[in-house]
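Undergrad: kindly return the folded structure for what I paste below:
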Amino acid sequence: MMPKRLVVDGGSAKYHKLTKSSDDGYIDLQFQRPPPKAPYKAIMLATLLFSIGTVLLVVGALLLSGYISAEYSDRTWPVLIIGALMFIPGAYHVRIAYYAFKGYEGYSYDDIPEFD
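TA: Next up, the predicted model:
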């Protein structure tokens with residue numbers, strides 16, 4: 001039930017003076033941050049980097065060990081270096097995305113950069 005209000009006549013319009021109440025119009029829910037959306041493009045790019053980097057590292061390791069005979073052995077180190085350059089950031093961001101998906105403390109989708 002609404003509290004009684006004092007009606008003040010101010011010419012042609014009637015104004016109501018509001019009574020003092022303990023409700024200031026704010027609720028705690030409006031100050032909470034909404035859950036972050038998953039950056040699907042960035043996660044797919046990280047998964048692609050992780051996959052290709054893994055394949056290049058395995059092929060480079062097999063070339064280096066001699067299990068695969070390389071006609072041009074000077075291509076072994078570039079394959080390993082490019083594989084490492086792709087594997088490291090891919091694995092890092094896939095790990096963050098997995099932990100954020102599982103809801104671990106301290107991990108969020110905000111830690112993954114978006115590409116919009």
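Undergrad: alpha carbons only for contacts and neighbour counts from here, please
TA: OK.
Undergrad: could I get the full set of strands for the protein?
TA: Counting by DSSP state E, the segments of the chain that form strands are 6-9, 14-17.
Undergrad: what is the mean pLDDT for the last one?
TA: It refers to strand 14-17. Strand 14-17 shows an average pLDDT of 68 in the prediction.
Undergrad: now stretch 109-116 - C-alpha only, CSV.
TA: What follows is stretch 109-116, C-alpha atoms only, in CSV (Å, rounded to 0.1, in the frame of the first residue of the first chain):
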residue,chain,number,x,y,z
TYR,A,109,37.0,-15.3,-20.5
ASP,A,110,38.1,-11.7,-20.0
ASP,A,111,41.7,-12.9,-20.0
ILE,A,112,41.4,-14.0,-23.6
PRO,A,113,41.8,-11.1,-26.1
GLU,A,114,38.9,-10.6,-28.6
PHE,A,115,39.3,-10.0,-32.3
ASP,A,116,36.3,-7.8,-33.2
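Undergrad: buried ones in it, by neighbour count?
TA: For stretch 109-116, burial by neighbour count (16 or more other C-alpha atoms under 10 Å) applies to Tyr109, Ile112.
Undergrad: ok, now stretch 68-81?
TA: Thr76, Val79, Leu80.
Undergrad: distance to Arg95 added to those, as TSV?
TA: Formatted as TSV, the buried residues of stretch 68-81 follow (distance: C-alpha to C-alpha, whole Å):
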residue	distance to Arg95
Thr76	28
Val79	24
Leu80	22
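Undergrad: out of those, who's nearest Val58?
TA: Val58 lies nearest to Leu80 out of these, by C-alpha to C-alpha, at 8.4 Å.
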